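# A predicted structure for the sequence below; I have some questions about it.
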Amino acid sequence: MPLRDFAALLNGPQTIGRGAGFWSVAVLTVVLAAIYPLFAEPFAIANAAYFGVWVFMALGLGLLWGYGGMLSFGQTAFFGLAGYAYGVMAINFGAAHSYPMLALFLALAIGTGFSALLGYFMIYGGINGVFVGIVTLSVTLAFATFMNQTAGPEWRIGRARLNGYNGMTRIPSLSIDWFDGHRIKFDGGNFYYLVLVLLVVAYLALRVLVNSRFGNVLVASRENSERAELLGYAIRRYQLAAFAIGGFLASLSGALYAAWGNFIVPASMALPAAAMPIIWVAVGGRQDVTATLIGTFVVLYVFQMLTVVSQQYALIAIGVLLVVTVLVAPGGYVLWVVDMVGRLRRRAAAPDPVQSDAVEMRLREGVNRG
Amino acid sequence: MAKLLETRSLTKRFGGVTAIDDLNFSVDQGGVHCLIGPNGAGKSTLFKLIVGRITPTAGSILFCGRDITALPTSARIRAGLSIKMQVPGIFPDLPVAQNLTIALQRHRSRAETRREVDRLLDFAQLGSDAAKPAGQLAHGQKQWLEIAMAIALNPALLFLDEPTAGLSPDETFKTGEMVLALQREGMTILVVEHDMAFVRQIAEQVTVLHFGRLFAEGSIDEITANEQVQSIYLGESHDAI
């Protein structure tokens, strides 16, 4: 039965949440998200789509950092590169003949290609541990600084002005032209549904990936890269593949962001922006796709609520949140809660040793590394 | 007998120090072969050269008749060499069974992997700890888990670097039994070792390394009786052997 085969691929040692209960809640969540636009204000719909746009980047970082043990500050560089690439191409190509979709695919190729190139030089150049963070942060900040000084009229690519600090504006939204000339423009509710579908696909694909043989080797390289190599795995290939997938997901966030807001600014790559994905992923739990997903949505929501009060205080509060996370639940709050529930259940009824051990391990992993 | 592993005029210099000096050393197919030598004899350097951690200054290494001198570590492993390091190399936060799965999945189908995991858990006497994170095992169990991971590759040559380091006499004896069980299955095993009681328990063929050169070769009794070996290896404490 093909459905059962697919379900088997989704579950495994590298993800929490299995069984009918979990998947019922997951399906219910998607259904609720699907009917949300029917009764929400247009602003709320656009805002929910905005949250969703960032989640791809967070999931990619979770794969790199949580599963692969590579802490990258470079996700915002890939985000920005793909965002600018989409902007430049979409402005130049125009909205006819589904050209924005072509711009999207090319932007993804550019962002992913750049991440693979950077990843190749780092991984095959023997850079690892904290130095991955340093190199990727440098690349991000260099890119942001460069884009900041492109204010003059000489900085243009075709019809697209880069516009320096103020950013590139009037970027066309995504749209598809049918053969009868009918155009579907991805803004408002349409864009929301596009993001929702992509999120479901990305989430399921990542679950399959991390529970596959590939995922096993990736966590093995995080745990003990020498041992993984001594089992005959050319681990740098696996790390590079993970880096490129992380770069692809960050690029998807960047291109969608540019299409969503019709603009992109260098500040989306600057230091505060570069630190944000790390916080989303750390707070939820980086060693689990589901934990990363939930954590990112929650932190984004809380951050936005605080920003309404004061932007400066919001940044401070988010910083405090990171510190508290590292001290209280280094593996992330979602995994922490799952563990607590597991413990209470074990005390109350029959234990499920495999599941709770897996969570415990993730938490301890956090303690060891935190 | 066919030569499984062979070094030809192998030399490794670190600055002015010649750690391995024009060494011609070989391991025949079948049996347990021990490599011993006093501290600084070049055992670790030879180990690293064979594993592929460092490249030789001169000479070559042949494995199954094929020159592996320039191959990266992972390619040597795929060619049939399997290694257990001195410090237990395991995946500490993954369950014991998953450690073995990762060792098996490269060359086995899913069903075979499941079967082999069970067999290796039995072999390493870790059946009751299958779901436990490997990092929580006792030191001796970690060593056995790593030996199980190394043999999961079904290697032509199993290379053990001081497998008894840090083990109690009981655990050391048990490790020796494991090595002998593997030898009975027809596996060729090369062991770098300090513990002479352990060498006596397992070895058929012993090679003594001294100042990076091959100093003596023979059965354990021949080596024990060799007075030159006693003088370089044992210093004054002859009765240790």
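Everything's here; your move. Residues are numbered from 1 along each chain as shown, chains lettered A, B, ... in the order given.
# Every contact and neighbour count from this point should use C-alpha atoms.
Will do.
# partner residues bridging the residue most central in space within chain B?
The centroid of chain B falls nearest to B:L160 when counting by CA atoms, centre = their mean (1.6 Å). Beta-bridge partners for B:L160, by DSSP bridges, are B:K84, B:V191.
# Would you confirm that it contacts B:H194?
No: between B:L160 and B:H194 there is no contact under CA atoms under 8 Å: 12.0 Å.
# other SSEs contacting the helix or strand hosting A:M305?
Using DSSP states H and E, A:M305 maps to helix A:289-309. Helices and strands touching helix A:289-309, by 3 or more CA pairs under 8 Å, 6 or more residues apart in numbering or on different chains; DSSP states H and E, are helix A:42-61, helix A:188-210, helix A:271-284, helix A:311-328, helix A:333-348.
# Going along the chain, name the helices of chain B.
B:43-51, B:73-78, B:96-104, B:110-123, B:139-152, B:169-184, B:196-202, B:220-225, B:227-229 (DSSP state H).
# quick one: contacts of the second one?
Contacts to helix B:73-78, defined as CA atoms under 8 Å, 6 or more residues apart in numbering or on different chains, come from residues A:229-234, B:51-53, B:68.
# and the residue in chain B that chain A sits nearest to, how far is that from B:R53?
Taking CA to the nearest CA, chain A has its nearest neighbour within chain B at B:S74, 4.2 Å off. With the distance defined as CA to CA, to the nearest Å, B:S74 ends up 11 Å from B:R53.
# Just want to know which of these two has more residues nearby.
B:S74 (21 against 12; other CA atoms under 10 Å in any protein chain shown).
# so what's the residue nearest to the more buried one when sequence neighbours are not counted up against?
By the measure of CA to CA, 6 or more residues apart in numbering or on different chains, the closest residue to B:S74 outside its immediate chain neighbours is A:G232, 4.2 Å from it. Counting by CA under 8 Å, 6+ apart, A:G232 makes contact with B:73-78.
# Could you grab the helix/strand/coil label for A:G232?
Secondary structure assignment for A:G232 (DSSP: H, G, I helix; E, B strand; the rest coil): coil.
# Could I get the phi/psi values of it?
Main-chain dihedrals, A:G232, degrees, to the nearest 10: phi 100, psi 10.
# what separates it from B:I77, distance-wise?
Counting by CA to CA, the gap from A:G232 to B:I77 is 5 Å.
# quick check: mean pLDDT across stretch B:140-155?
Stretch B:140-155 carries an average pLDDT of 92.
# Ok, stretch A:116-127 next?
92.
# Now stretch B:165-179 - C-alpha only, PDB.
What follows is stretch B:165-179, C-alpha atoms only, in PDB (Å, rounded to 0.1, in the frame of the first residue of the first chain):
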ATOM      1  CA  ALA B 165      43.000   0.200  26.700                       C
ATOM      2  CA  GLY B 166      41.200   1.100  29.900                       C
ATOM      3  CA  LEU B 167      39.600  -2.300  30.300                       C
ATOM      4  CA  SER B 168      39.600  -4.400  33.500                       C
ATOM      5  CA  PRO B 169      41.300  -7.900  33.300                       C
ATOM      6  CA  ASP B 170      37.900  -9.500  33.000                       C
ATOM      7  CA  GLU B 171      36.800  -7.200  30.200                       C
ATOM      8  CA  THR B 172      40.200  -7.700  28.500                       C
ATOM      9  CA  PHE B 173      39.700 -11.500  28.600                       C
ATOM     10  CA  LYS B 174      36.200 -11.200  27.200                       C
ATOM     11  CA  THR B 175      37.600  -9.000  24.400                       C
ATOM     12  CA  GLY B 176      40.100 -11.700  23.600                       C
ATOM     13  CA  GLU B 177      37.300 -14.200  23.400                       C
ATOM     14  CA  MET B 178      35.600 -12.000  20.900                       C
ATOM     15  CA  VAL B 179      38.700 -11.700  18.800                       C
END
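# pLDDT value on B:F63, please?
91.
# so it makes contact with B:L4?
Yes: counting by CA under 8 Å, B:F63 does reach B:L4; the two are 5.7 Å apart.
# Who has more neighbours out of those two?
Neighbour tally, B:F63 and B:L4, criterion other CA under 10 Å: the higher count belongs to B:F63, 22 against 18.
# The closest residue to chain B within the stretch 1-150 of chain A: neighbouring residues, count only.
Using CA to the nearest CA, the single residue of the stretch 1-150 of chain A nearest to chain B is A:P13, 8.1 Å away. Around A:P13 there are 17 other residues, counting by other CA under 10 Å.
# Give me the phi and psi for it.
The phi/psi pair for A:P13 (degrees, to the nearest 10) is phi -70, psi -20.
# swap in A:R161?
phi -80, psi 130.
# List the contacts of the residue nearest to the spatial centre of chain A.
For chain A, A:M57 is the residue whose C-alpha lies nearest the centre (CA atoms, centre = their mean; 2.1 Å). Neighbour list for A:M57: A:75, A:79, A:246, A:249-253, A:277 [criterion: CA under 8 Å, 6+ apart].
# low-scoring stretches of chain B, by residue?
Scanning chain B with the threshold set as pLDDT under 70 gives B:1, B:233-241.
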